[in-house]
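Enquirer: Mind folding the following:
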Amino acid sequence: MAGSEPYFVECKEQYVSKERGNRVVHYFLKDNSGESILAVVGTERSVRHMFYVVSEEFISAHGADNSVQAGFRWRSRREVVNWLTSMLSKQHRQGDFASMFLLSWLS
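Expert: Next up, the predicted model:
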């Protein structure tokens, strides 16, 4: 990796609304300079069924560099977590980082 080239080092899940039937969750990626960007927005479409889409903010900033396009969707939280994990720098995914990351989602 180039010294000044930005890369993602951390993911964060933030619940915007926990109201049953109207849940919203945001997933952020933080880069090596400390800047966070909204990557994925999850909304509840029906009771216990979430729908996840890549954010317009992420597409505008990083769309050409990555594997997602405008309108890209996921149907499960697991798919979102897998994609976010894949976006993290390889150096940060080595060792026990991946398991620590997944445990942080559960807390």
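Enquirer: which residues of this structure fall in strands?
Expert: Counting by DSSP state E, the chain has strands at residues 8-17, 24-31, 36-46, 49-54, 73-74.
Enquirer: mean pLDDT lowest for which of these?
Expert: Lowest mean pLDDT within the strands of the chain: strand 73-74, at a mean of 88.
Enquirer: Look up which residues are beta-bridged to residue 25.
Expert: residue 15, residue 42 (DSSP bridges).
Enquirer: tell me the contacts of it?
Expert: 13-16, 41-42, 50 (Cβ atoms under 8 Å, 6 or more residues apart in numbering). Placement of C-beta: from N, CA and C, glycine included.
Enquirer: Pick out the most distant pair among the residues you listed.
Expert: Pairwise distances across the contacts of residue 25 (Cβ to Cβ) peak at 14.3 Å, for the pair 14 and 50.
Enquirer: Compare the two (neighbour count), which wins?
Expert: Each of residue 14 and residue 50 has its neighbours counted (other Cβ atoms under 10 Å); residue 50 has more, 17 against 11.
Enquirer: Can you report how many residues neighbour the closest residue in space to residue 6 that isn't next to it in sequence?
Expert: Of all residues not flanking residue 6 in the chain, residue 31 sits nearest, at 4.6 Å (Cβ to Cβ, 6 or more residues apart in numbering). The tally of other residues near residue 31 (other Cβ under 10 Å) stands at 17.
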